[in-house]
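**Q** Okay, here's the prediction I keep looking at, along with the sequence it came from:
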Amino acid sequence: MDLSYRKYIIIIIFSLVSILFIARFFYIQVIDTSYQLDATNNSQRFIVEHPARGLIYDRYGNFIVANEAAYDLMAVSGQISHLDTAALVDLLEIDKKTFVTRLSKASGNRYKPEAIVNQISAQTYINLQENLHRFPGFYVQVRSVRKYPYKSAGILLGYIREVDKKDIENDPYYKQRDYIGKRGIEEMYEKHLRGFKGGSYQVVDVHGRVKGKLKEGKFDKPSILGKSITTTLDIELQNYGEQLMKNKIGSIVAIQPSTGEILALISSPSFDPNMLVGRGLSSNYNKLKSDTLFPLFNRAIQGDRYPPGSTFKILNALIALQEQTISPQYRVRCNMGYNAGRFHVDCHDHLSPINLTQSIQMSCNSYYCTIFRGLLDNPKYENVTEAYKVWRKHATSFGLGSRLGIDLYGEQPGFIPRPSYYDHYYGEHRWKSLTIVSLAIGQGEIGMTPLQLANLSAAIANRGYFFTPHLIKSLQDTVIDKKYRTRHNTTITAEQFEPVIEGMYNVVHGGPGATARYIAIPGIEMCGKTGTAQNPHGENHSIFTAFAPKENPEIAIAVYVENAGYGSTWAAPIASLLIEKYLTDTIHPSRIWIENKMLQSNLLEKDEDTN
Amino acid sequence: MKIQTKQFNIINVFRRIDGLTVLLYLTLVLMGWFNIYAAVLNENSSGIFDVSYKYGKQMIWIIASIIIAVSLIIIDSKFYSILAYPSYIFMLLILLAVIFMPSAKGQSSWFVIGDFKIQPAEFAKITTALVLSRYISGYNIKITEWKHLKRIAAIIGIPIILIALQPDMGTTLVFASFLLVLYRHGMPGWVLVAFAISILIFSFSFIFSPLYVSIVALSVLFIFLLFSISYHRISYKIVVPTLLSFSLPWVVVYYYNIDFSEFLLFLISFVALVIPLIVYSYRKKIATLFIIFIIGLGSISFSYSVDYMFHNMLQDHQKTRINVLFGLESDTQGVEYNVIQSKIAIGSGGFDGKGYLQGTQTKHNFVPEQSTDFIFCTVGEEWGFVGTSVVIFLFLFLLIRLVILAERQRSIFSRVYGYSVASIFFFHFMVNIGMTVGLMPVIGIPLPFFSYGGSSLWAFTILLFIFVKLDADRDILIY
């Protein structure tokens, strides 16, 4: 049998296998490019360079947020030898068990540095640094953390922390162990403050050991420094406000009327921003979060169920004047209250009858019930609903009932009901002026944030316009958002303001019946309005809104002290102290007693007593 | 009658050796050396001649190999025939002895004398090839005859058993390459086919269900059946009863919805086939039909028994290893890690590679065993598709050249030996390169001339140059 043909079969077998190989190599080397990427991931490592985060200044250039070095203890497990755990734990002042578990967790890669203890204090670091030579495999990495020279404005500034899984998912810019700003200005202006990470590509081997720069650093990019922010805050004023509000619940908003710049924004109880720095961050955060007084709730912008109380009367006066349903000379008789059939609103004992300016000075309920109903029932409107629509249009032109647009997250819109709201409640055309008369005196369905009240004051101080309140003054080389430079005109013309402002002036400086006479500041013409708002949570809220000086106002303010009683007892003196502090930088000796009383009184304890 | 002085003889022999083979050998060896340099290189490395590194050592092995090659050519070719049995017996003793050497990584494959290590299994291939050649070239030896087949089985089987005891699975499997040699010298072709089929069925039975494997196997056989029908000029009428009797049991079972095991059903079908196919083939004396029947029955039984054994006889960790081998389970840190890294290195080479000594995966040790078993990754990464194709073609040229040389031998001894050399190289080439791109399971055997290591380089050199010498003396009858 001739078998020599089999040589061909054998050669065919050899050739087929070779062709199969060549096809396979062609596929994985030329067609499928995913292996190139895998090789890159394998052998290159991007060493991130974190830029310094932008600083935050107050309006006068004082540091309110600075950077400070923090020290992380790093370990390269492959280099650790003869470790004296007890000695190291002593130096670090941490629990031995924690240390050992963290170290064993970090031992996965023998060549890769891992953080063992984060944010060692400077003192510990000094002690550690002297002794570090005794612990081969350990070194200290310096990172930058936030430092707050003033112990105030915690809720405005926010804090920074390491990114979590969600942050990374939301924005692929972030990688593990990056910092991100949370809450307040830190979160709002995160993109400007953080700068831009740079870094260099390094070539690494299979163990992660650095073998040099990739292509002599051709692809490296420098990091871009974070931008520093100048805020509109007057940090001294902010701090003073927080002191005055100590042991009281409530909030303060102070605005520069000519610009809409927020001078101070206080939500009490406040907290020291330094609490949310360093190792105490998560425990302190949880402490604040579970606090029954909700210090993390920014009452000034989130508390939108505050009834404005009598402070709302100034708005009602303006609307009635604008709609010409009354003149400033319009007088109303008041006999301890307003009566309409079986309906009755209490009023206090004061001069009667009174005109518009006097009505503000004496905060007469009857006057406002009368003119409010007079407006809604005026025959010039088709019906109450149409009249209410006009009223509402004026109210909303002051930024009520919608978010003003402050540069903080979480602002609430407040509530000025639409006609449909009442239609829904009472049925279409089934509600009358009397049904909603409580709006006349700032009670009822309406809700305003303290920010909105301060803004209302600012608009009055400006005689008819306002700028969206904001915290950003300048952002290094970037122009601030146009919306903070745009003037918003209200629907009330300038001349209507004078009798109202006159009334507000008299509240402080007027004769008998003025509701807040004792808070007058020598040498400063202040216009204000007290409010005492009934609310479902207990005693009345003490409210005061004001601006000063009367001509060319420099500050407009709203103060809420929750469940504290009369507006003139708490909110008014606090507002006057802040105004005085802001305008004169001191407190007049004749008013020191007021300051002391405000600083020392503890309304929280009083609460507990009554309970 | 030639009467020559010894001097004359030596010069003459160098003229007669096949220059192309030697050139291919030198090319591959040098390429191997440069790639080992690239694979081992790191920032501490000095020149390629530094003998404290693998590439320096490899240079010494190469020089020694050339001396060995020259010596082998000077030695009288009759010695290889005469020394076949003594060297074979000696090698068996060595293989026996090495089993009792201290083991490294669970294997006792090495003789260690000081710094010097030698792996006898690499050389056992040569002595086995020589003895096989000597036996088959004997007078009136027929591979198909049972008593001769027994001897052949013993010649190949004894070293297999001894090497398997080390245990060195890779080298053991290399002995399967002798099947090609036997095929060329009279072993029926179906043995080779059956071997290939059983490997395919074995692999596919893990990956797919035995039912699919059986259906595919039967379809292939059916095509063969049609071919052999036309080849043997058999009436096509046989196809109808064949298909009918095969499918009848299936139709019945499915029609009456009987719960019946697939394997039993196949068995019944085959029994049903006996009448149309076997009786017909017996009466017409056509063995092909009978063989097709046996292969069909065999493959189905094999597939189902593999499946049965896998599910009922193996431990879980054994199952995992097999699953990883066939890519059914991931084990990115273990067995699969090597192949993944190897594929990344080769794949990242692209069309024309990253350039010599520029391979990032190679240079920074991402590929394990990259100077020995995975040396081809360096070729793939630094020389790209161009490099891999060139090396594959060089090997293919060498293999074909060896077949051509073997075919021109007058002596059966030389021809059998020549085929042994080609088949052993082919097996190493196929398994080693196949393994680096995941076409073959990870079996640690070296790539001839490329992989680092004195033992393997010397063994391949000796294997090749004995044949170069035999070829040079192809006019002399050796037996």
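**A** Cool, the structure landed.

**Q** Compute the number of surrounding residues for A:P512.
**A** Using other Cβ atoms under 10 Å in any protein chain shown, A:P512 is surrounded by 9 other residues. Quick note: C-beta positions are derived from backbone N, CA and C, even for glycine.

**Q** helix/strand/coil for it?
**A** Under DSSP: H, G, I helix; E, B strand; the rest coil, A:P512 falls in the coil class.

**Q** And the one 10 residues further on, by the same measure?
**A** Using three-state DSSP, the secondary structure recorded for A:P522 is coil.

**Q** Contacts only, for the residue nearest to it when sequence neighbours are not counted.
**A** Closest residue in space to A:P522, ignoring its immediate chain neighbours: A:H588 at 5.3 Å, by Cβ to Cβ, 6 or more residues apart in numbering or on different chains. Applying Cβ atoms under 8 Å, 6 or more residues apart in numbering or on different chains to A:H588 gives the contacts A:521-523, A:580.

**Q** shaky segments in the stretch 251-400 of chain B?
**A** B:313-337, B:364-365 (pLDDT under 70).

**Q** Spell out the residue ranges of the helices in it.
**A** Applying DSSP state H, counting those that start in this stretch to the stretch 251-400 of chain B gives helices spanning B:262-273, B:280-284, B:287-312, B:316-325, B:335-347, B:360-363, B:375-407.

**Q** Need the ones you listed in CSV (columns: distance to chain A and mean neighbour count).
**A** Shown next, in CSV, are the helices of the stretch 251-400 of chain B (distance: least, Cβ to the nearest Cβ, whole Å; neighbours: other Cβ atoms under 10 Å in any protein chain shown):
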stretch, distance to chain A, mean neighbour count
helix B:262-273, 29, 17
helix B:280-284, 21, 14
helix B:287-312, 15, 17
helix B:316-325, 18, 14
helix B:335-347, 2, 23
helix B:360-363, 4, 26
helix B:375-407, 4, 23
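
**Q** Any idea which of those gets closest to B:G157?
**A** B:G157 lies closest to helix B:287-312 among the helices of the stretch 251-400 of chain B, at 21.4 Å (Cβ to Cβ).

**Q** on contacts alone, who are the packing partners of the closest one?
**A** Identification of packing neighbours for helix B:287-312 by 3 or more Cβ pairs under 8 Å, 6 or more residues apart in numbering or on different chains; DSSP states H and E yields helix B:189-207, helix B:210-231, helix B:262-273, helix B:280-284.

**Q** residue boundaries of the helices in the stretch 101-250 of chain A?
**A** A:122-131, A:154-157, A:165-170, A:184-188, A:190-193, A:235-244.

**Q** what do you get for the stretch 51-200 of chain B?
**A** Using DSSP H, counting those that start in this stretch, helices in the stretch 51-200 of chain B cover B:54-74, B:77-82, B:84-98, B:120-136, B:146-164, B:169-174, B:178-184, B:189-207.

**Q** closest to chain A out of the ones you listed?
**A** For chain A, the closest of these is helix B:178-184, at 5.0 Å, according to Cβ to the nearest Cβ.

**Q** quick one: secondary structure of A:I262?
**A** For A:I262, the assignment made with three-state DSSP gives strand.

**Q** beta partners for it?
**A** The partner list for A:I262 in beta bridges (DSSP bridges) reads A:I255.

**Q** ok, it - contacts?
**A** Listed by Cβ under 8 Å, 6+ apart, the contact set of A:I262 reads A:232-233, A:253-256, A:406, A:469-471.

**Q** Also A:Q29?
**A** Here A:Q29 is in contact with A:35, B:346-347, B:349-351, B:380, B:384-385, B:388 (criterion: Cβ under 8 Å, 6+ apart).

**Q** how close does A:L434 sit to chain B?
**A** To chain B, A:L434 is 77 Å away according to Cβ to the nearest Cβ, to the nearest Å.

**Q** could you list every residue that touches that residue?
**A** Counted by Cβ under 8 Å, 6+ apart, A:L434 has contacts A:340-341, A:343, A:373.

**Q** Which pLDDT value does the model give B:S77?
**A** B:S77 carries a pLDDT score of 87 in this model.

**Q** Can you lay out the helices and strands packed on helix B:287-312 as TSV showing distance to A:Q534?
**A** Formatted as TSV, these follow (distance: least, Cβ to Cβ, whole Å):
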stretch	distance to A:Q534
helix B:189-207	79
helix B:210-231	82
helix B:262-273	85
helix B:280-284	109
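
**Q** and stretch B:211-228, what's its mean pLDDT?
**A** On average, stretch B:211-228 scores 79.

**Q** Show me which positions of that stretch end up buried.
**A** Across stretch B:211-228, burial judged by 16 or more other Cβ atoms under 10 Å in any protein chain shown covers B:211, B:213-214, B:216-218, B:221-222, B:224-225, B:228.

**Q** now do stretch A:425-437
**A** A:431, A:433-437.

**Q** Quick check: the two most widely separated of these?
**A** Maximum pairwise distance in these, criterion Cβ to Cβ, is 10.7 Å, between A:W431 and A:V437.

**Q** Verify the stated contact: B:A345 with B:G380.
**A** Yes: the pair B:A345 and B:G380 qualifies as a contact (Cβ atoms under 8 Å) at a distance of 6.3 Å.

**Q** Make a ChimeraX selection of whichever of the contacts of A:H588 turn out to be buried.
**A** To isolate the buried members of these in ChimeraX, using 16+ other Cβ under 10 Å:
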select /A:521,580
